[in-house]
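Novice: I'll drop the sequence and a predicted model, then ask my questions.
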Amino acid sequence: MPAGFPDFRLGNVLATSFTATLTERRGDAVERIPTPHRLVDWLAVNGLAVESCTDAQLELARELRESIHAAATAGALQDALPASAVQVLNDRSTQGRAAAVLTPEGERRWQLGSSRVEDALSVIAADAISIIAGERDGKLALCASPTCQAAFFDTSQSRTRKWCDMNTCGNRQKKARFIANQRKSSL
Ligand SMILES: [Zn+2]
C-alpha cells in the first residue's frame, strides 16, 4: 500500500464495505479512496479487479457510494427511499456488465465484461439492491457511534448489533466508556 493513504475497512458485505470507504461521516470524515488508484486497489481486494480508473470513474463510484448510503440509511429507518439515490443505484446496476461464475472449488467469482470500473460498480449496486430490497438474511441498521451512524447489514442471529464494525466503532465506544469509568472511580 502506498504510504500516506488511509487503510480500508473491509466487512463481509460488499455494498456496506464500499460505503465504508468514507468513514466517520458525522465526525471528521476519512476518505479511503482519495485517488482513482486507491479505488482500483479497493476493487482488487474485493474480487473486482479493473485495469484502470479515471477521475470521472472515481466520481461515478463516489456518487454510487453516497447513493447506497442514502438508500440504506432510509431503509434502516424505514423511511421512503430517496428517488435520486434509487435512480443512481439502478443506473449503475444496469450500465455495467458482470457475470457470476463458479470456480471448480465451488466459490463464486465475478467476471467483469471488459474490466471497466462501470462493470465493477454494477456488481456493487446489485449487492446494495439485494440488501435494501430485503432479499437477504439480515437487517439494515445504523451504527450507534454518533460520529459514524453508518448504515450496516446486521447478520447476527439476534439482529442486535450496535456498531457497523466491532473493531473500530465498537471498540472506540468501549474504550471511551472505560476511560469515563476510570475517571469516575479516581474522583
Ligand atoms: Zn460505525
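Specialist: Alright, I've got the coordinates.
Novice: For this structure, which residues are neighbours of the ion?
Specialist: 143, 145, 148, 150, 164, 169 (C-beta under 5 Å from the ion). The C-beta positions use only the backbone N, C-alpha and C, and glycine is treated the same way.
Novice: wouldn't the fifth one be in contact with residue 143 here?
Specialist: This means residue 164. Yes. Counting by C-beta atoms under 8 Å, residue 164 does reach residue 143; the two are 3.9 Å apart.
Novice: who touches both of those two?
Specialist: Shared contacts of residue 164 and residue 143, defined by C-beta atoms under 8 Å, 6 or more residues apart in numbering, are found at 150, 151, 152.
Novice: Closest one of those to residue 5?
Specialist: residue 150 (20.0 Å; C-beta to C-beta).
Novice: neighbours around that closest one, how many?
Specialist: Look at residue 150: counted by other C-beta atoms under 10 Å, it has 25 neighbours.
Novice: per-residue pLDDT, it?
Specialist: pLDDT recorded at residue 150 is 95.
Novice: Residue 1 now?
Specialist: pLDDT at residue 1 comes out at 49.
Novice: Over to the one 5 residues further on?
Specialist: What the model reports as pLDDT for residue 6 is 92.
Novice: who's in contact with the lengthiest helix in the chain?
Specialist: When the chain is parsed with DSSP state H, its longest helix is helix 55-77. The contact list for helix 55-77 (C-beta under 8 Å, 6+ apart) reads 15-16, 18-19, 21-22, 25, 33, 35-36, 39, 53, 79-82, 84-86, 88-89, 92, 116-118, 121, 124-125, 128, 131-132, 140-142, 149-151.
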